[in-house]
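1. Build me a model:
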Amino acid sequence: MRFHIETEQEVDGRWIAEVVEVPGALAYGVNENEAVSKAFAIALRSLADNIERSQEEPPASIHWQRAVCVA
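-> Numbering: from 1, shown residues only. You can find the predicted model right below:
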């Protein structure tokens, strides 16, 4: 599984980051790194919850790739 994280700076200066592959995994931060870290943590929590409830084998590894979108 790969994570693609899109970031954008809002008009008010805040950053928003979204993990494209995980619905609802988006977060704001005072800077880009904070927003990415928060969104990534939300995505991992969501996946961990899904794995815990699933009967399937968990993935052997998790990779993520970050893409920056410029508006």
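
2. Looking at strand pairing, list the partners for Glu18.
-> Here Glu18 shows beta-bridge partners Glu6, Leu26, assigned using DSSP bridges.

3. Tell me, how many residues neighbour it?
-> A count of neighbours around Glu18, defined by other Cβ atoms under 10 Å, yields 22. (Glycine included, C-beta is placed from N, CA and C.)

4. Kindly report the same for Asp12.
-> Asp12: 6 neighbours (other Cβ under 10 Å).

5. so it, which of the three states?
-> coil (DSSP: H, G, I helix; E, B strand; the rest coil).

6. Taking the chain centroid, which residue in this protein is the extreme one?
-> For the chain, the residue at maximal distance from the C-alpha centroid (Cα atoms, centre = their mean) is Gln55, at 23.9 Å.

7. Next, that residue: secondary structure please.
-> coil.

8. For it, give me phi and psi.
-> phi -100, psi 0 (degrees, to the nearest 10).

9. Ok, Phe40 next?
-> When read as degrees, to the nearest 10, the backbone of Phe40 gives phi -60, psi -40.

10. so it touches Glu18, yeah?
-> No - the criterion here is Cβ atoms under 8 Å, and Phe40 misses it with Glu18 at 10.6 Å.

11. what's the overlap in contacts for these two?
-> Residues touching both Phe40 and Glu18 by Cβ atoms under 8 Å, 6 or more residues apart in numbering: 5, 25.

12. Just say helix, strand or coil for the nearest residue to Ser46 once chain neighbours are set aside.
-> Nearest residue to Ser46, sequence neighbours excluded (Cβ to Cβ, 6 or more residues apart in numbering): Val22, at 5.4 Å. Following three-state DSSP, the label given to Val22 is coil.

13. OK, contacts around Val22?
-> Listed by Cβ under 8 Å, 6+ apart, the contact set of Val22 reads 3, 42-43, 46-47.

14. Right, I'll leave it there.
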